[in-house]
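[1] Output the structure for:
(chains A and B)
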Amino acid sequence: MSVFIDKGTRLLVQGITGRDGSFHAKQMMEYGTQVVAGVTPGKGGQKFEGSVPIFNTVAEAVEATGANTSVIYVPPPFAADAMMEAAAAGLTLVVCITEGVPVLDMTRVYPYVKEHGARLVGPNCPGLITPGESKVGIIPGRICAPGTVGVVSRSGTLTYEVVYQLTRAGLGQSTCVGIGGDPINGTNFIDVLQAFEHDPKTTAVAMMGEIGGTDEQEAAAFVKQHMRKPVVGFIAGQTAPPGRRMGHAGAIISGSSGTAEEKLQAFRDAGMGVAQRPADFVPLLRERM
Amino acid sequence: MNLHEYQAKELLRAVGVPIPPGEVATTPEQAEAIARKYGKPVMIKAQVHVGGRGKAGGVKYTPTPAAAKEKAAAILGMDIKGLTVEKVLVAEAADIGSEAYVGIIVDRATKKPVFMVSAAGGIDIEEVAATTPEKIHYHPVDPRYGLQPFEAMQMGFFLYSDVKQARAAARIMQQLYQAFIANGCSLAEINPLVVTPQGEVIAVDAKMVIDDNELDRLPAVASLRDESSEDKSEVDARNANLTFIKLDGNVGCVVNGAGLAMATMDLVKFYGGEPANFLDIGGSSNPEKVVNALRIITADPNVKAILFNIFGGITRTDDVANGIVTATKQNPLKVPIVIRLTGTNEEQALEILTRNGFSAMTDMDEAVQRAVQLATQGSAGGAK
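    Below you'll find the model as predicted:
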């Protein structure tokens, strides 16, 4: 088992002919993901890499191929439309990799996607991987290994760092989910923690948060009340100066809300393991598994 | 992107918000001329992107044109929290009966634009929120329908019992919401919203923050950026599509991804060093970005060692390696460099680096420790 994606995932790539879309579509195919369709308006009827049919619209692609998941690599001005198009076509999982989506667009996309019954992951996220089964997004496949640690993170490259360290230490992963660092994203920590708690294959969870907002505090409260599996948490930005925006729109501390210390304290209060640095995940998880 | 008060007021005037007249001056003579034209007492207000202008002496009341000239001379060139005042707003002074606060932010929790209104305006709203939260009324707006008249009226009556004033405030809130959406704001506020002794409701100060992700599709708003009011190295970095924040340490950090960049800074500190900066080269990389990153970092004389920490996903590590080689050929480094890279196209990257005489590490902790050690040695040995 795993969460959100597995061998049965039939993936459609929106923006499959772009620089990033084509590069990562190939990487996902090499990893073994069933890439069943691509969408680029105006290129319908062509084939990607000689095998994957390209369609003009998501609806056509779903109709023809039975795709159940979409991954989006389109530029920011078109990302909101792409997410809504995917949800409207009945896809149950929509993963948006695009960075730089205006937050006001997301205030409209979020309720739209919800009402259409789709799960949105992202935007501005690295996607998901269930090692050995399926990869949707841009997480490098070679750093992952099948196993039982569930990984959830607001960051992209920090996720890779931790996953890489887990793999080198022999701790494989059930599924890794990058939820993205934007202020409004489709899937939050609690959604993923809940999925890991119910996934028979997952035995422990590694969670990477950041300064800013209160998502980690709420996640910690969820862990305390609803989770029996051990969770180890980390917060990036412990040394960030207050009031400055650190790249991610989410990573801003204003006033006393959203500081690293506040979040780490919430982790401790919830009985979670607290990693001071990425290298602490391996020993803390081992102790608890 | 932060807007100046005068810019925010222009955008709000354009949608009909009543605001006392004001113009920008860059010299005391201009300030005097504007005050003379209005023929009324004016406020001289420093236009800088920091809070607490008033407390720092950057906002002054002046009864006559001569006084306006004198106060403008004092404020222009003044240093407020490290920023030099280049412009002042000369605005007609309003008669103030009462002061309220009206603001909109995009709220992460409700995932909607949320109004915050309070009859306790004129001072720092965060202070009010912290000490007397019951004095703030929060109202989320469904962005698909926009702010409805009845919602605005509810908030109007939260502020004022007089129906005329409540109606006037409601109209201003609808206008503020319109400007918030049209200009891609992440924050827009009027503080104070004033009721004059004559019963008029007017906006006396305004602030807007634009979502940087909106700027590509809103060129008119993007053109309001005032680079003279920002840190030079940060402007330089932004123009090179890098996210850069200067800090006080001596380990120059080049990292891809905000989370890893912050975790790298944390680790520098963990091993007893101090980061010189936050620098995120972002997702899709090209060698040019790395060249610019190195140029910006080496311009800081405090930097005694450079640390690259690259974990390739969408970033291709061979692009980064090519950038390092190109940049150091153009400008040979005067400080040691520690390169840690792994992930997408790692083999090609290592091959490029080795061929050009660089060594690279794959472990983050080892790389950070090494960079901290080199920076400490560099500082102890003094400048070469």
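
[2] Mind checking the pLDDT average for stretch B:282-293?
    Stretch B:282-293 carries an average pLDDT of 79.

[3] Contacts for it next, please.
    Contacts of stretch B:282-293 with the rest of the structure, by CB atoms under 8 Å, 6 or more residues apart in numbering or on different chains, involve A:19-20, A:99, A:156, B:237, B:240-243, B:254, B:256-257, B:279, B:281, B:313-316, B:319-320, B:322-324, B:326-327, B:330. C-beta coordinates here come from the backbone N, C-alpha and C atoms, glycine included.

[4] Which ones among those map onto helices?
    Among the contacts of stretch B:282-293, the residues falling in helices (DSSP state H) are A:Arg19, A:Asp20, B:Ala237, B:Asp319, B:Val320, B:Asn322, B:Gly323, B:Ile324, B:Thr326, B:Ala327, B:Gln330.

[5] For the residue in chain A that chain B sits nearest to, give its distance to A:Met207.
    Nearest residue of chain A to chain B, counting by CB to the nearest CB: A:Ser155, 2.3 Å away. Distance, A:Ser155 to A:Met207, using CB to CB, to the nearest Å: 11 Å.

[6] cool, and B:Leu187?
    Distance of B:Leu187 to A:Met207, given as CB to CB: 29 Å.

[7] When those two are compared, which one has more neighbours?
    Taking neighbours as other CB atoms under 10 Å in any protein chain shown, B:Leu187 and A:Met207 compare with A:Met207 leading, 28 against 16.

[8] How is the more buried one assigned, secondary-structure-wise?
    Classification of A:Met207 using DSSP: H, G, I helix; E, B strand; the rest coil returns strand.

[9] wait, doesn't it sit right on A:Val231?
    Yes: counting by CB atoms under 8 Å, A:Val231 is a contact partner of A:Met207 at 5.8 Å.

[10] got any residues that touch both of the two?
    In contact with both A:Met207 and A:Val231: A:Leu193, A:Met272, using CB under 8 Å, 6+ apart.

[11] number of nearby residues for B:Lys40?
    By the criterion of other CB under 10 Å, B:Lys40 has 11 neighbours.

[12] so who does it touch?
    By CB under 8 Å, 6+ apart, the residues touching B:Lys40 are B:Glu92, B:Ala93.

[13] give me the number of residues near residue 279?
    Picking chain A for this. The tally of other residues near A:Ala279 (other CB under 10 Å) stands at 17.

[14] not what I meant, chain B
    B:Leu279, neighbours per other CB under 10 Å, totals 25.

[15] what do you get for the one 3 residues further on?
    When neighbours are counted by other CB under 10 Å, B:Gly282 registers 17.

[16] What of B:Pro332?
    B:Pro332 has 7 neighbouring residues, counting by other CB under 10 Å.

[17] in the helix or strand hosting B:Leu12, what counts as buried?
    Applying DSSP states H and E as the criterion places B:Leu12 in helix B:5-14. By 16 or more other CB atoms under 10 Å in any protein chain shown, the buried positions in helix B:5-14 come out as B:Glu5, B:Tyr6, B:Gln7, B:Ala8, B:Lys9, B:Glu10, B:Leu11, B:Leu12, B:Arg13.

[18] go on, stretch B:332-340?
    B:Val335, B:Pro336, B:Ile337, B:Val338, B:Ile339, B:Arg340.

[19] what are the phi and psi angles of B:Met173?
    phi -70, psi -40 (degrees, to the nearest 10).

[20] surely it meets B:Met153?
    No: B:Met173 is beyond contact range of B:Met153, at 9.2 Å (criterion: CB under 8 Å).

[21] Who has more neighbours out of these two?
    Between B:Met173 and B:Met153, B:Met173 has the larger neighbour count (other CB under 10 Å), namely 28 against 18.

[22] number of nearby residues for B:Asp41?
    Actually, residue B:41 is Pro rather than Asp. When neighbours are counted by other CB under 10 Å, B:Pro41 registers 16.

[23] How about B:Ser359?
    Neighbour count for B:Ser359, taken as other CB under 10 Å: 10.

[24] next one: B:Glu230
    By other CB under 10 Å, 16 other residues sit near B:Glu230.

[25] Quick check: buried residues in the helix or strand of chain B with the lowest mean pLDDT?
    Ranked by mean pLDDT, DSSP states H and E, the helix or strand of chain B with the weakest confidence is helix B:125-131, at a mean of 76. Buried residues in helix B:125-131, defined by neighbour count with 16+ other CB under 10 Å: B:Ile125, B:Val128, B:Ala129.

[26] before we move on, the earlier item: show me the two of the ones in helices among the contacts of stretch B:282-293 that sit farthest apart.
    Maximum pairwise distance in these, criterion CB to CB, is 27.7 Å, between A:Asp20 and B:Gln330.

[27] residue ranges of the strands in the stretch 1-150 of chain B, please?
    Using DSSP state E, counting those that start in this stretch, the strands found in the stretch 1-150 of chain B span residues B:22-25, B:42-46, B:59-62, B:79-80, B:83-84, B:88-92, B:98-107, B:112-118, B:136-140.

[28] re the thing from before, of the contacts of stretch B:282-293, keep whichever come out buried.
    Among those, those scoring as buried are A:20, A:99, A:156, B:237, B:240, B:242-243, B:254, B:256-257, B:279, B:281, B:313-316, B:319-320, B:322-324, B:326-327 (criterion: 16+ other CB under 10 Å).

[29] how near is B:Pro63 to A:Leu12?
    Here the criterion is CB to CB. By it, B:Pro63 lies 69 Å from A:Leu12.

[30] more crowded one of these two?
    Using other CB under 10 Å as the criterion, B:Pro63 and A:Leu12 rank with A:Leu12 on top: 27 against 12.

[31] How about the secondary structure of that one?
    Following three-state DSSP, the label given to A:Leu12 is strand.
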